[in-house]
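**Q** predicted structure and sequence below. I'll ask about it afterward.
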Amino acid sequence: MDHQERAGRTVPGRSAGRGFTGNRHYRLADIVRASTAAPGCFRPHWLQVAAGAPPVAFIDGGLSPYNNPSLALLAVAHMRAYGLGWPPGPERLLLISIGAGSYRRGQYGLAAPRLAGVLAFKALMDQVADGQQLALTLLQWFSEPALSWPINSEIGTLAGDVLDRRPLLVFQRYDVRLEAAWLAGRVRQPPAAADLLRLRTIDNPAAMPRLHALAAEVATT
């Protein structure tokens, strides 16, 4: 809801045609559907954002640099423009990031470049993964997690490496790597290779119980 609606004044987007409508005028079902339209899984959701304007196609917000919104949340807490002005310091701010399962993506292979659609989709997914990795790298660089999450084989977990010597916050990442080598030793019965592929499919609700069980078991190790 925008500030003018809260104050009870006329909403420019509805009266003067400035191109926006207060959030309270959208159906919740449309907002959820528009924000979860992951390419390759769900179709874009067409939504009229202002009276008299043509519908606009929405896709999953994870395709922005904020697939992991933790870095954006830190900005909202600290930047004066957002109005919160939360003071920095590990004794003042705790930020927890909970993943939904991750894994290292494989190489494209020789056949993929001949398929423009396949190559474009894989490149898009790699861009999402790169954005998420950058967010985790910066947040762990700004903090000193009790359990440092591995970023990559080059920089490791950044344990003991803080940008300004004193952490800006306490940041903690929790996730499960859906990889056989990572799960070995962390769960009693690691999934078989075929099961791992099914667990990585985000539009497979049947995988939820197994994913929950894996996460609960990993959390105890």
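**A** In hand now; what should we look at?
**Q** can I see the domain layout of the chain?
**A** Domain assignment for the chain, taken from automatic domain parsing, gives 3-63, 70-175, 179-221.
**Q** span of the last one from start to end?
**A** Separation of the first and last residues of domain 179-221 by C-alpha to C-alpha, to the nearest Å is 16 Å.
**Q** cool, and the longest one?
**A** Across its full length, domain 70-175 reaches 14 Å end to end, with C-alpha to C-alpha as the criterion.
**Q** give the rounded mean pLDDT of it.
**A** Regarding domain 70-175, the rounded mean pLDDT is 86.
**Q** ok, which stretches of the protein are strands?
**A** Along the chain, the segments classed as strands by DSSP state E run 45-47, 56-58, 94-98, 170-174.
**Q** Leu124: which of those strands is closest?
**A** When the strands of the chain are compared by C-beta to C-beta, strand 56-58 sits nearest Leu124, at 15.3 Å. C-beta: built from backbone N, CA, C; applies to glycine.
**Q** pull out the buried positions in that closest one.
**A** Buried residues in strand 56-58, defined by neighbour count with 16 or more other C-beta atoms under 10 Å: Phe58.
**Q** what mean pLDDT does it get?
**A** So the average pLDDT for strand 56-58 ends up being 91.
**Q** residues in contact with that strand: which ones?
**A** 34-35, 37, 44-49 (C-beta atoms under 8 Å, 6 or more residues apart in numbering).
**Q** so which of the strands of the chain is the most packed in?
**A** Neighbour counts (mean count of other C-beta atoms under 10 Å) averaged over each of these peak at strand 170-174, with a mean of 19.
**Q** what angle do strand 94-98 and that strand make with each other?
**A** 10 degrees (axes from the mean of the first three to the mean of the last three C-alpha atoms, to 10 degrees).
**Q** what angle do the lengthiest helix in the chain and strand 94-98 make?
**A** Criterion DSSP state H: the longest helix present in the chain is helix 116-142. For helix 116-142 against strand 94-98, the angle by the same axes, to 10 degrees is 150 degrees.
**Q** could you say what helices and strands helix 116-142 packs with?
**A** helix 70-78, strand 94-98, strand 170-174 (3 or more C-beta pairs under 8 Å, 6 or more residues apart in numbering; DSSP states H and E).
**Q** now those as TSV including distance to Leu134?
**A** As requested, the helices and strands packed on helix 116-142 are exported to TSV (distance: least, C-beta to C-beta, whole Å):
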stretch	distance to Leu134
helix 70-78	8
strand 94-98	13
strand 170-174	13
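**Q** looking at these, which is nearest to Leu183?
**A** strand 170-174 (15.1 Å).
**Q** which residues touch that closest one?
**A** 70, 90, 93-99, 136, 139-140, 142-147, 149, 219.
**Q** just the C-alphas of that strand, formatted as PDB.
**A** Output in PDB follows, covering the C-alpha atoms of strand 170-174 (Å, rounded to 0.1, in the frame of the first residue of the first chain):
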ATOM      1  CA  VAL A 170      25.500 -11.600  12.500                       C
ATOM      2  CA  PHE A 171      24.600 -13.500   9.300                       C
ATOM      3  CA  GLN A 172      23.900 -17.300   9.100                       C
ATOM      4  CA  ARG A 173      23.100 -19.400   6.100                       C
ATOM      5  CA  TYR A 174      21.400 -22.700   6.300                       C
END
